[in-house]
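Participant: Structure for this input, please:
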Amino acid sequence: MNPSLLLKGQTALVTGADSGIGKAVALALAGAGAKLVINYAHNHDAAEATVNEIKAAGGEAIAVQADVSHEAEVKAMFAQMYAQYGTIDILVNNAGLQKDSKFVDMTLDDWNTVISVNLTGQFLCAREAAREFIRRGVVEERSRAAGKIICMSSVHEVIPWGGHVNYAASKGGINMFMKSIAQELAPHKIRVAGIGPGAIQTPINKDAWETPEALDKLLTLIPYNRIGKPEDIGKLAAWLASDEADYITGTTIFMDGGMTLYPGFADNG
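Facilitator: Residues are numbered from 1 along each chain as shown. You can find the predicted model right below:
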């Protein structure tokens with residue numbers, strides 16, 4: 001099948017799509033034929049730039065502001081999406097943040113903020129999408145599934161990460177959240193899957209790759225010996241949302257250059 005037709009006629013919402021992985025995912029879905037809602041929390045100009053990039057390539061997109069950790073804002077975002085496009089076919093739960101510190105120095109606010117955005121935000125958005133998928137059911141000319149939910153996770157859903165316990169806990173939570181709703185929603189022909197990126201070259205981890213010294217240190221953790229690009233994740237998300245992946249549900253696909261292979265043990269540990 002022509003890749004440009006994989007998502008033709010479908011509507012997708014990508015949270016946190018104004019930069020980094022979210023932007024790359026939105027561009028890839030649009031390139032595969034989907035109409036996009038570009039969610040952002042604060043940076044309106046960056047979101048509009050993503051919209052304009054999609055439109056310049058012949059696609060359709062709108063930008064919608066919402067803090068995904070706030071229920072009322074999530075409901076309003078979905079209402080705006082339905083007013084524009086009528087329904088939703090694909091949700092990519094991508095919005096996330098880090099507030100790092102040593103565990104003994106971590107404040108309750110730092111813990112709550114990360115859990116609220118990274119985990120509760122996925123719950124609120126997935127719940128709204130699932131309600132619409134169940135209401136509408138399968139529309140064969142759109143997709144074999146009633147709907148697709150992709151939960152953006154991290155290698156740190158399985159790799160512990162000292163100094164980042166709130167972030168790692170949120171990603172571990174996403175793993176079991178994804179599996180549990182996949183189990184519950186499968187009878188409705190709703191697919192739910194995760195993507196677990198490794199080190200990806202985005203602003204959130206700029207300190208880890210900005211200098212040659214930092215990049216060399218990072219590459220000791222990546223057997224494949226390169227840092228990932230946001231476009232890598234975008235391509236996977238577009239395929240995972242398509243009917244080519246119709247038998248995949250309830251699992252995380254790690255895209256990490258081998259970080260989850262625990263490279264420290266490559267020479268007998």
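Participant: Go ahead and measure how far the least confident helix or strand in the chain by mean pLDDT is from the middle of the chain.
Facilitator: Lowest on mean pLDDT, DSSP states H and E among the helices and strands of the chain sits helix 212-219, with a mean of 92. For helix 212-219, the distance from its own C-alpha centre to the chain's C-alpha centre is 26 Å (C-alpha atoms, centre = their mean, to the nearest Å).
Participant: Pull out the CA atoms of it and give them to me as CSV.
Facilitator: The C-alpha trace of helix 212-219 is given here as CSV (Å, rounded to 0.1, in the frame of the first residue of the first chain):
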residue,chain,number,x,y,z
PRO,A,212,30.7,15.7,21.5
GLU,A,213,31.8,14.6,25.0
ALA,A,214,28.2,14.3,26.2
LEU,A,215,27.2,12.4,23.0
ASP,A,216,30.1,10.0,23.4
LYS,A,217,29.1,9.2,27.0
LEU,A,218,25.5,8.7,25.9
LEU,A,219,26.5,6.3,23.1
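Participant: how about that helix: buried residues?
Facilitator: By 16 or more other C-beta atoms under 10 Å, the buried positions in helix 212-219 come out as 218-219. To be clear about C-beta, it is placed using only N, CA and C from the backbone, and glycine gets the same treatment.
Participant: Give me the contact list for the very next helix or strand once past that helix.
Facilitator: Later in the chain than helix 212-219, the nearest helix or strand by DSSP states H and E is helix 230-240. Here helix 230-240 makes contact (C-beta atoms under 8 Å, 6 or more residues apart in numbering) with 3, 6-7, 20-21, 23-29, 31-32, 92, 148, 150, 152, 193, 195, 197, 200-202, 245, 248, 253, 255.
Participant: What subset of the residues you listed is buried?
Facilitator: Judged by 16+ other C-beta under 10 Å, buried ones among the contacts of helix 230-240: 6-7, 20-21, 23-29, 31-32, 92, 148, 150, 152, 193, 195, 197, 200-202, 245, 253, 255.
Participant: neighbours of Met81, just the number please.
Facilitator: When counting by other C-beta atoms under 10 Å, one arrives at 24 neighbours for Met81.
Participant: before we move on, what about the one 3 residues further on?
Facilitator: By the other C-beta under 10 Å criterion, the neighbourhood of Gln84 contains 14 residues.
Participant: And the residue lying closest to it once chain neighbours are set aside, how far from Pro203?
Facilitator: Spatial nearest neighbour of Gln84, excluding adjacent residues (C-beta to C-beta, 6 or more residues apart in numbering): Ile62 at 5.6 Å. Distance, Ile62 to Pro203, using C-beta to C-beta, to the nearest Å: 23 Å.
Participant: Which of the two has more residues huddled nearby?
Facilitator: More neighbours surround Ile62 than the other of Ile62 and Pro203, with 18 against 7 (other C-beta under 10 Å).
Participant: The more buried one reaches Val37, doesn't it?
Facilitator: Yes: using C-beta atoms under 8 Å, Ile62 is in contact with Val37, at 5.9 Å.
Participant: need the longest strand for the protein.
Facilitator: strand 190-197 (DSSP state E).
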